[in-house]
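1. sequence-free structure coming up:
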Ligand SMILES: NC(=O)c1ccc[n+]([C@@H]2O[C@H](COP(=O)([O-])OP(=O)(O)OC[C@H]3O[C@@H](n4cnc5c(N)ncnc54)[C@H](OP(=O)(O)O)[C@@H]3O)[C@@H](O)[C@H]2O)c1
């Protein structure tokens with residue numbers, strides 16, 4: 001399994017394809033895109049404000065969070081959404097009773113901006129590369 005930043009604004013399609021080819025599970029951290037708000041590369045963008053996702057949520061009588069998490073699941077991405085609210089934890093688990101259409105999946109696929117909200121994994125806090133010693 002490989003856990004990486006992954007949400008509709010940073011979709012890692014090439015990496016997901018590599019994982020699929022080599023039997024590696026893709027796991028998304030920040031699946032709801034919160035890193036775009038708090039991350040060190042934050043642009044302040046917030047997927048919860050996105051009209052495309054909002055419209056899909058209304059069409060299914062679901063919340064934006066549920067649509068985003070469902071999008072991950074239909075792409076076979078393992079998700080670890082975080083919430084300190086019990087009601088949201090329950091809400092985030094209720095995503096197995098609806099399906100996004102191909103058109104809806106594609107509409108969210110098209111939201112990818114290819115911009116990380118968090119750190120590049122091989123950089124430290126100051127943006128310098130971390131030396132990884134060989135075993
Ligand atoms: N491997 C790594 O480098 C790495 C880095 C970052 C995070 N992670 C892991 O990934 C997990 C999730 O990442 P994350 O916390 O950055 O982002 P996230 O799960 O994408 O989003 C969490 C944010 O969304 C809010 N939220 C959750 N459910 C919601 C809902 N149904 N409606 C509206 N808002 C909702 C939460 O607020 P409330 O809590 O107020 O509900 C919180 O502000 C973390 O717990 C951590 O274990 C791993």
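-> Arrived safely, thanks for sending. In this text, all values refer to a predicted model and were calculated from it rather than measured experimentally.
2. from now on I want contacts and neighbour counts done on CA atoms only, so please keep to that.
-> Noted.
3. contacts for the worst-scoring helix or strand of the chain on mean pLDDT?
-> Taking mean pLDDT, DSSP states H and E as the measure, helix 35-38 is the helix or strand of the chain with the lowest mean score, a mean of 84. Helix 35-38 is contacted from outside by 42, 43, 44, 45, 46, 116, 117, 118, using CA atoms under 8 Å, 6 or more residues apart in numbering.
4. residues from this structure in reach of the ligand?
-> For the chain, the residues in contact with the ligand (CA under 6 Å from any ligand atom) are 29-35, 65, 80-85, 88, 91-92.
5. if we can go back for a sec, mind listing what's buried in the least confident helix or strand of the chain?
-> Residues of helix 35-38 classed as buried by neighbour count (16 or more other CA atoms under 10 Å): 35, 36, 37.
6. and the helix or strand containing residue 90, what does it pack onto?
-> Under the criterion of DSSP states H and E, residue 90 resides in helix 86-93. When contacts are defined as 3 or more CA pairs under 8 Å, 6 or more residues apart in numbering; DSSP states H and E, helix 86-93 packs onto helix 64-74.
7. same list (the buried residues of helix 35-38) but as CSV, adding distance to residue 21.
-> Formatted as CSV, these follow (distance: CA to CA, whole Å):
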residue, distance to residue 21
35, 28
36, 29
37, 32
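8. whichever of the residues of the chain next to the ligand end up buried, select them in ChimeraX.
-> Typed into ChimeraX, the next command selects the buried ones out of the residues of the chain next to the ligand (criterion: 16+ other CA under 10 Å):
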select :29,30,31,32,33,34,35,65,81,92
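9. and the closest residue to residue 40 other than its chain neighbours, how far from residue 83?
-> Excluding the flanking residues, the one nearest residue 40 by CA to CA, 6 or more residues apart in numbering is residue 118, at 5.5 Å. Distance from residue 118 to residue 83, counting by CA to CA, to the nearest Å: 18 Å.
10. picking that back up, what does the helix holding residue 90 contact?
-> With contact meaning CA under 8 Å, 6+ apart, helix 86-93 is reached by 65, 66, 69, 81, 82, 83.
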